[in-house]
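**Student:** sharing a model prediction with you, sequence too.
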Amino acid sequence: MGKFRVLANAATIEMLSSLTALVAALARVRMGKFRVLANAATIEMLSSLTALILLAIAADSGVAQPRPAQPTAGPGVNVPLINYVDVSGATAAAAPGPDGQQLMAQAARELFQQPALEAKIRQRIDLFGHQLVGSGSYQQLGDGPEKLLRLELKLQVGNQITSLQQVSDGRFLWIRRDLPGQTSLSRIDLKQVRDAIRASGQTPAPDPGGNWMALGGLPRLLQGLNENFLFNSPPRADQVGQVPVWVLRGQWRAERLAAPLPNQRADILAGRPPRLEELPPRLPDSVMITLGRDDVLPLFPYRIEYLRQDGAGQGSGAGPPGIASPRSLVTMELFEVRRRADLDPRQFDYKPGDQEVADHTESYLKSLGLKP
């Protein structure tokens, strides 16, 4: 890579969320011959996961990025483990599936109705030609639509381990980041977020960088995907490991796609084909959702992929000559899913103590387009 530097500008940070301390903390630190250059205006909107990609680029390129070991099912697991495989290459069942839009809406309702859930989570990010893998756990608790939430992730950046913890107590989303030699704590006022969403009349598009926890966890993530994407293609019946699944492909709804492509707004709303290559580099042009097809946890989202169609020969996987297959920008997998009637509500009661807390509500609302 030589003397490689990453410069983030307005075009690359559009619609990114406000989890930014990971870039800010290491922007001043040299790692080998590489460095990340970031100023306050740039890093204000960067999400934590995209920030980690920038840090990975800055890390010594000779350090291998190890992939987490495949977990094994443990005691009390109600759903069989889904091994990490590419479902797009599996053999589809001959019978046509049900309506994809209805499946997505029902999947969101199923998650809202789950009073207590726990799952292990694995995320893979592929941006700027580099890959980052993280793993951890997700929990949700509560009978109503506004869940108590907890997400914990450990990610490897070069030869360093970083961790991200997000805890929603219903009033605030607390975000703690642990970097080598530095810990930061911030929060987002969820009441202000909910009020702003209600006033706008629409659910913001889920950001693959990580705004789904502040929007309300997995149930809201699926609801947002259903409201922002059209799942017109027939769902494909498939099987991943021992789990029967539906695989759905979604494309942007015209009115939602017009927002990040203002120069094409008139053409898009008139039904003309959009020039998707003009989307900001980190935004997907489609999504692929893998939902459970059994009765254990009906329509549970075992895998969510944000896809981007690159130029010819630059995608991943096989495709027709001259046409690149989509590349996965962000892949989120959930496995070893359990209903947890014994979840303690105190796990979601975050106590900041005397640590300094930064309020990121304003920048978060701006990143969603809910505040000028």
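**Tutor:** Noted; the coordinates are in hand. Numbers count the residues shown, from 1 in each chain.

**Student:** residues near the residue lying closest to residue 140 once chain neighbours are set aside, how many?
**Tutor:** Spatial nearest neighbour of residue 140, excluding adjacent residues (Cβ to Cβ, 6 or more residues apart in numbering): residue 147 at 4.4 Å. Where you see a C-beta, it was placed from the backbone N, CA and C, and this is true even at glycine. Counted with other Cβ atoms under 10 Å, residues neighbouring residue 147 total 25.

**Student:** SS state for residue 356?
**Tutor:** coil (DSSP: H, G, I helix; E, B strand; the rest coil).

**Student:** the helix or strand containing residue 329 - what's its average pLDDT?
**Tutor:** Taking DSSP states H and E as the definition, residue 329 sits inside strand 327-339. Strand 327-339 carries an average pLDDT of 94.

**Student:** check contacts around residue 300.
**Tutor:** 79, 107, 110-111, 291-292, 334, 337 (Cβ atoms under 8 Å, 6 or more residues apart in numbering).

**Student:** in ChimeraX, how would I select the buried members of those?
**Tutor:** One line in ChimeraX is enough to select the buried members of the contacts of residue 300, burial here meaning 16 or more other Cβ atoms under 10 Å:
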select :79,107,110,111,291,292,334,337
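
**Student:** before we move on, the earlier item: partners of the strand holding residue 329 in the sheet?
**Tutor:** Neighbouring strands of strand 327-339 in its sheet, by DSSP bridges, are strand 116-127 (antiparallel), strand 301-308 (antiparallel).

**Student:** buried residues in stretch 227-234, which are they?
**Tutor:** Counting neighbours by 16+ other Cβ under 10 Å, stretch 227-234 gives 227-231, 234 as buried.

**Student:** using pLDDT, spot the least trustworthy of the contacts of residue 300.
**Tutor:** residue 79 (40).

**Student:** still on that earlier bit, among the contacts of residue 300, which are located in strands?
**Tutor:** 291-292, 334, 337 (DSSP state E).

**Student:** residue 361: which of the residues you listed is nearest?
**Tutor:** residue 334 (27.8 Å; Cβ to Cβ).

**Student:** residues in contact with that closest one?
**Tutor:** Going by Cβ under 8 Å, 6+ apart, the list of residues near residue 334 reads 119-121, 138, 218, 300-303.

**Student:** then residue 166?
**Tutor:** Here residue 166 is in contact with 149-152, 173-176, 213 (Cβ under 8 Å, 6+ apart).

**Student:** so where's the chain uncertain?
**Tutor:** For the chain, the stretches with pLDDT under 70 are 1-97, 128-129, 157-158, 206-210, 311-324.

**Student:** which stretches in the stretch 101-250 of the chain count as strands?
**Tutor:** 116-127, 130-141, 148-157, 160-168, 172-179, 182-189, 229-230, 236-240, 243-252 (DSSP state E, counting those that start in this stretch).
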